[in-house]
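*Asks:* sharing a sequence plus its predicted fold:
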2 protein chains.
Amino acid sequence: MYDYKAPQRDIDFVYREVLDYETHLQSFPQYQDLTWDVWTAIVAETAKFSEEVIAPLNQSGDAEGCELEGGEVRTPTGFKEAYKQFAEAGWQSLIGEEEFGGQGMPQSLSTCLIEMRGSANWSWASFIGFGLAGAKTLKAEGSKELQQTYLPPIYSGETLGTMCLTEPHCGTDLGLMRTKAAPQEDGSYRISGTKIFITAGDHDFTDNITHIVLARIEGAPEGVGGISVFVVPKVLENGESNGVSCGSLEHKMGIKGSATCVMNFEEATGYLIGEPNKGLRGMFHMMNWARIGTGVQGLCHAELGLQKSVGYARDRLQMRSLSGVKNQDGPADPIIVHPDVRRMLLTQKAIAEGGRLLVAYCAQLMDISDDCPDKEKAKRAHEELSYLTPILKAFMTESGFESASLAVQCFGGHGYIKEWGVEQNLRDCRISMLYEGTTGVQALDLLGRKVLASQGEAMKPFMGKVATFCEDNADHPLAQQVGLVSKKLGDLTAKIGAAAMKNPDEVGAASVDYMMYSGYVVMAYLWAKASVVAQQKLDAGEGDSAFYDAKLKTAGFYFERLLPRTESLAKTMLSGASNLMDMDAEQFLSQL
Amino acid sequence: MYDYKAPQRDIDFVYREVLDYETHLQSFPQYQDLTWDVWTAIVAETAKFSEEVIAPLNQSGDAEGCELEGGEVRTPTGFKEAYKQFAEAGWQSLIGEEEFGGQGMPQSLSTCLIEMRGSANWSWASFIGFGLAGAKTLKAEGSKELQQTYLPPIYSGETLGTMCLTEPHCGTDLGLMRTKAAPQEDGSYRISGTKIFITAGDHDFTDNITHIVLARIEGAPEGVGGISVFVVPKVLENGESNGVSCGSLEHKMGIKGSATCVMNFEEATGYLIGEPNKGLRGMFHMMNWARIGTGVQGLCHAELGLQKSVGYARDRLQMRSLSGVKNQDGPADPIIVHPDVRRMLLTQKAIAEGGRLLVAYCAQLMDISDDCPDKEKAKRAHEELSYLTPILKAFMTESGFESASLAVQCFGGHGYIKEWGVEQNLRDCRISMLYEGTTGVQALDLLGRKVLASQGEAMKPFMGKVATFCEDNADHPLAQQVGLVSKKLGDLTAKIGAAAMKNPDEVGAASVDYMMYSGYVVMAYLWAKASVVAQQKLDAGEGDSAFYDAKLKTAGFYFERLLPRTESLAKTMLSGASNLMDMDAEQFLSQL
């Protein structure tokens, strides 16, 4: 069935050879013990856990799903046992602060491991991420007391967590939020309201769950300026149940092994994190982390689909190659001989490996942003990451979905059948363009809130690196192409900025095409960088030449077959808002 | 829940106003009674049936699915009752020949009705199509005796049918087929083998089922030149069961209300249709029909997704318009005010309405090809349809899938939940790019078997019409653009043809991009034609100006936002085979 294998060779190439993580890690005083041998051993352990423990539960988890029984969520067979093994090995403590029982390892290592667990079984992985997301908010905004109470059980794996934002009438538009928080004399709050789409809202992995909840303190101003953020445990410190319960489970297209809950808060005891009415700031600590994690999800589905479809394309015998029989002894040639099958496989390979470069690049910025002693360097990394986050989230999930659909296509009719798991991979992937801010929301964040609002300043940290790379490799044909498309991105930005001065709808009219264009440019830069490194290794006669040769070919494919999509995007993003805005709302169903 | 409504206004526009079906139908001696009033009344009846009888079973059919019970397939609740009503009203006889109990109506009318039933409930509609597909083969190749035995019960609705082609090891590559046919003394054959992916292979709609089966007569030559086609009834004329049974049902991503069967033939009695070893010719009569029907499926999912997402976008209040508050009295603006939501809705609208034009255009060619007394005209129509069939099938299913995914996207997270039916629409749509020949197979058929094999002759009937239209509307800006992209398509064809002379893999390397390019050109021509007609109506002050105005705007959107995709496709299709073929099969998983 083409079982998942962790791409350890490419992880080493991307993190060590291209992005020089050895030097990167050694530049931090606190990561001196994290040598490359240690990193590699940790990766290998997670590879083994991903391949042997959770990958085998991926299809069965989809078939079985979660069930709500007597008010408690039962997860698919094997899920909670896998978690027990995972938690007991201490994995949840990896990036936690040492003062709260964590191991103090870098974000980048965690991100690297998320890819493997997520590719093996995204539904299972979805349970374990949000506690750490909530920890971000607690760490950044919470009082020492709250941190001391809630962080240690998260890092020990004793509790998991959630992000409770969405309500039935309010997803993107958090200003419409209705969940209420009534202050109590002891300084706590009573939280009441209904939250929907809550991943891991309830489950049987842990006895307690740490909910991070957005709510409105009684009398708070309307809109997003009246939202506060609270920590609400499922079980109170005194051992009593809090007023939090799962009302129902959503029936979804995919990620069926993940519990997506309607959560009812009925006078639940909660504790304010940070200042009243500043909840959005607290929320963004976890949201940015969740967006990066969702970008990783795009990579996960691309990698899993790639592995399955290459396996099938090598085995499935059908038709003869047009350029002559390749499998003389068989009744037909394996379909991997057909050019269009290769186009579909290489598209997936370019997206998966390019996506890994993008994830690893962003993860490096997370380390610097969070931990670099040089505050100026940290600030620049934060700004660069802020620019890249919506691109990673939206471009990688859109590309991951294209990739997952091509994996189905490689299987022909067999791809539509549950047996092979590729249709599940496509269903599981589809959510990634929706949650943690849709593609459209990311695109507006990128173009409107970041690039145009800063008059282009937001692009500079990244584009500066691109310019340096292009100068340093002025004779390299791929670097030359990167120079051209990145320069054109600057021109496009200026044109849209000028149009937006006259009509703010020009931003939304261009935003998704602009985001996709930006994604192709970012990935082109990373593929060119990888290509330069691979060529150096080949020239030096180091390592496995077939690996580096495959890198060069995949890079070449990316530039010749995927990057040209920017040409159409450039045209459509400049086509203006009027072809969207001129139609009356009533005319959209004029056909009826 | 934004229930399906048949787009009767647009059907009238497309068939009557743009394609002048009144004149078209009146040009056939046999369709004199089919006035526009009659046509419209038939459309209205099917609209009513689609909206009121089968649309309400679409989501319940997905949830319930088909079950195999005691060797017989049970269809979802309500499905067989809907069929009873449908069959009793005589709908299966619509296009049947009068000598066999049919009403002798044109293909085009049937195709127009398929759209409505398919949009309302594709799974239900999937049961009723293949009997008529089989009738094509029986009519074209079968003996008078076979026709007299098998056609009347198909047209009366007493039996339904199947197309039994695929086997576990042979989908595209029919030459690998193993199902055997042993000749008997009475002239019949005993058929033995296993067929998979058989739509409507068994069900409870009818007592008898007419299977059209490809098999190899004992001693036949290897490969496709040894395949014959048989009719194999589920129940023999003497009332006994034949050796045909459903072994199991496939578990699929979507179309769960449709029974996709593994069919076991164990010495089943069958009757040869036409000559031995000429089965592929017989097969193509039904396959071409099935491919057009699958192209219609792309339209169906685009239309259904459009209706649901427009409904939701008008109702869902979230965020304020960037260009000023539009819904002063509400807590937020409906999301249809946001440019990117409009981009997603208009993409769907352009694909659905453009797809309707394409379907109706091809259906007109079917009428002429099958029934025109002028044999030369019929031959030209046949050639034009032969060129357009792979485009309709592949371009419309790829576009339909894009469209169905955008419908999900318009709903945000709610699109991923079963409640609204848009995730089902996406799952149901995904099969359309796989069955009846994948997108890759269609693209090779178009570029290899048709365009290049004929040295471009295959394009001429259609391109001649495009040229005439462009000359007649030389001042029209959309016609000018059609002229440019169609001329460029000719240039691209010549370039690929030249490259293919040196390396046959260049065909497969360019084929899917070429097919998509061709699809955008064909749809551009039809949108330009529709635009000219809409402008004439507006100028003449006829009819509902908002309708025609919406047409002009949707056409404008198509040319400014979708047609520019041809620019990237032109570049990638010319990028050559080497970026696909140079990688060794072993290198595709070099990341592991």
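*Replies:* Sure, I can see it.
*Asks:* make it CA atoms for all contacts and neighbour counts henceforth
*Replies:* OK.
*Asks:* any weak-confidence spans in the stretch 151-300 of chain A?
*Replies:* For the stretch 151-300 of chain A, applying pLDDT under 70 flags no range at all.
*Asks:* show me what from it comes close to chain B.
*Replies:* Residues of the stretch 151-300 of chain A found near chain B (C-alpha under 8 Å from any C-alpha of the partner chain) are A:169-173, A:176, A:197, A:250-254.
*Asks:* now with 10 Å?
*Replies:* Within the stretch 151-300 of chain A, the positions adjacent to chain B are A:166, A:168-176, A:196-197, A:223, A:250-254 by C-alpha under 10 Å from any C-alpha of the partner chain.
*Asks:* strands - which of the residues you listed land there?
*Replies:* Mapping those onto strands (DSSP state E) picks out A:196-197.
*Asks:* just the buried members of the residues of the stretch 151-300 of chain A next to chain B?
*Replies:* A:166, A:169-176, A:196-197, A:250-254 (16 or more other C-alpha atoms under 10 Å in any protein chain shown).
*Asks:* check those residues against A:Glu586 and report the nearest one.
*Replies:* Each of those was scored against A:Glu586 by C-alpha to C-alpha, and A:His169 proved nearest at 22.9 Å.
*Asks:* mind listing what that closest one touches?
*Replies:* Contact analysis of A:His169 by C-alpha atoms under 10 Å, 6 or more residues apart in numbering or on different chains lists A:176-178, A:195-196, B:316-318.
*Asks:* so which of those residues is the most crowded?
*Replies:* Ranked by the number of neighbours (other C-alpha atoms under 10 Å in any protein chain shown), these place A:Lys195 first, at 27 neighbours.
*Asks:* I figured that one hits A:Cys261, correct?
*Replies:* Yes. Shown here, A:Lys195 and A:Cys261 form a contact pair, counting by C-alpha atoms under 10 Å, at 8.3 Å.
*Asks:* so for these two, which residues contact both of them?
*Replies:* With C-alpha under 10 Å, 6+ apart, A:Lys195 and A:Cys261 have common neighbours A:201, A:246-247.
*Asks:* only the buried members of these: can you turn that into a ChimeraX selection?
*Replies:* In ChimeraX syntax, the buried subset of the shared contacts of A:Lys195 and A:Cys261 is picked out as below (16+ other C-alpha under 10 Å):
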select /A:201,246,247
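*Asks:* which residues of the stretch 351-500 of chain A fall in helices?
*Replies:* Counting by DSSP state H, counting those that start in this stretch, the stretch 351-500 of chain A has helices at residues A:375-410, A:422-430, A:439-444, A:460-472, A:477-502.
*Asks:* buried residues, stretch A:484-494. List them.
*Replies:* A:485-486, A:488-489, A:492-493.
*Asks:* who are the contact partners of the residue nearest to A:Lys393 when sequence neighbours are not counted?
*Replies:* Excluding its sequence neighbours, the residue lying closest to A:Lys393 (C-alpha to C-alpha, 6 or more residues apart in numbering or on different chains) is A:Gly295, at 4.0 Å. By C-alpha under 10 Å, 6+ apart, the contact set of A:Gly295 is A:115, A:289, A:355, A:358-359, A:389-400, A:432-433.
*Asks:* ok, A:Cys470 next?
*Replies:* A:Cys470 sits next to A:464, A:476-484, A:525, A:528-529 when contact means C-alpha under 10 Å, 6+ apart.
*Asks:* for those, give me a markdown table that also has distance to chain B and pLDDT.
*Replies:* Listed next are the contacts of A:Cys470 as a markdown table, based on distance: C-alpha to the nearest C-alpha, whole Å; pLDDT from 0 to 100:
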| residue | distance to chain B | pLDDT |
| --- | --- | --- |
| A:Gly464 | 27 | 98 |
| A:His476 | 18 | 98 |
| A:Pro477 | 15 | 98 |
| A:Leu478 | 14 | 98 |
| A:Ala479 | 18 | 98 |
| A:Gln480 | 18 | 98 |
| A:Gln481 | 15 | 98 |
| A:Val482 | 17 | 98 |
| A:Gly483 | 19 | 98 |
| A:Leu484 | 16 | 98 |
| A:Tyr525 | 19 | 98 |
| A:Ala528 | 16 | 98 |
| A:Lys529 | 17 | 98 |
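*Asks:* give me the local confidence score for A:Asp10.
*Replies:* A:Asp10 is assigned a pLDDT of 98 by the prediction.
*Asks:* got the phi/psi numbers for it?
*Replies:* The phi and psi values for A:Asp10, taken as degrees, to the nearest 10, are phi -70, psi -30.
*Asks:* hang on, the earlier thing: farthest pair in the buried residues of stretch A:484-494?
*Replies:* Farthest pair in the buried residues of stretch A:484-494 (C-alpha to C-alpha) is A:Val485 and A:Thr493. Separation: 12.1 Å.
*Asks:* which strands or helices does whichever strand or helix holds A:Ser192 pack on?
*Replies:* Taking DSSP states H and E as the definition, A:Ser192 sits inside strand A:189-199. Helices and strands touching strand A:189-199, by 3 or more C-alpha pairs under 10 Å, 6 or more residues apart in numbering or on different chains; DSSP states H and E, are helix A:122-141, strand A:159-164, strand A:180-183, strand A:208-217, strand A:228-233, strand A:244-249, strand A:260-273.
*Asks:* between the ones you listed, which one is nearest to A:Val533?
*Replies:* The nearest among those, by C-alpha to C-alpha, is helix A:122-141 at 31.3 Å.
*Asks:* can that closest one be said to contact chain B?
*Replies:* No. Helix A:122-141 is not in contact with chain B by C-alpha under 10 Å from any C-alpha; minimum separation 14.8 Å.
*Asks:* quick one: that helix to helix A:422-430, angle?
*Replies:* Counting by axes from the mean of the first three to the mean of the last three C-alpha atoms, to 10 degrees, helix A:122-141 lies at 20 degrees to helix A:422-430.
*Asks:* tell me what angle whichever helix or strand comes after helix A:122-141 forms with strand A:228-233.
*Replies:* Using DSSP H and E, the helix or strand that follows helix A:122-141 in sequence is helix A:144-156. Put simply, helix A:144-156 runs at 50 degrees to strand A:228-233, going by the same axes, to 10 degrees.
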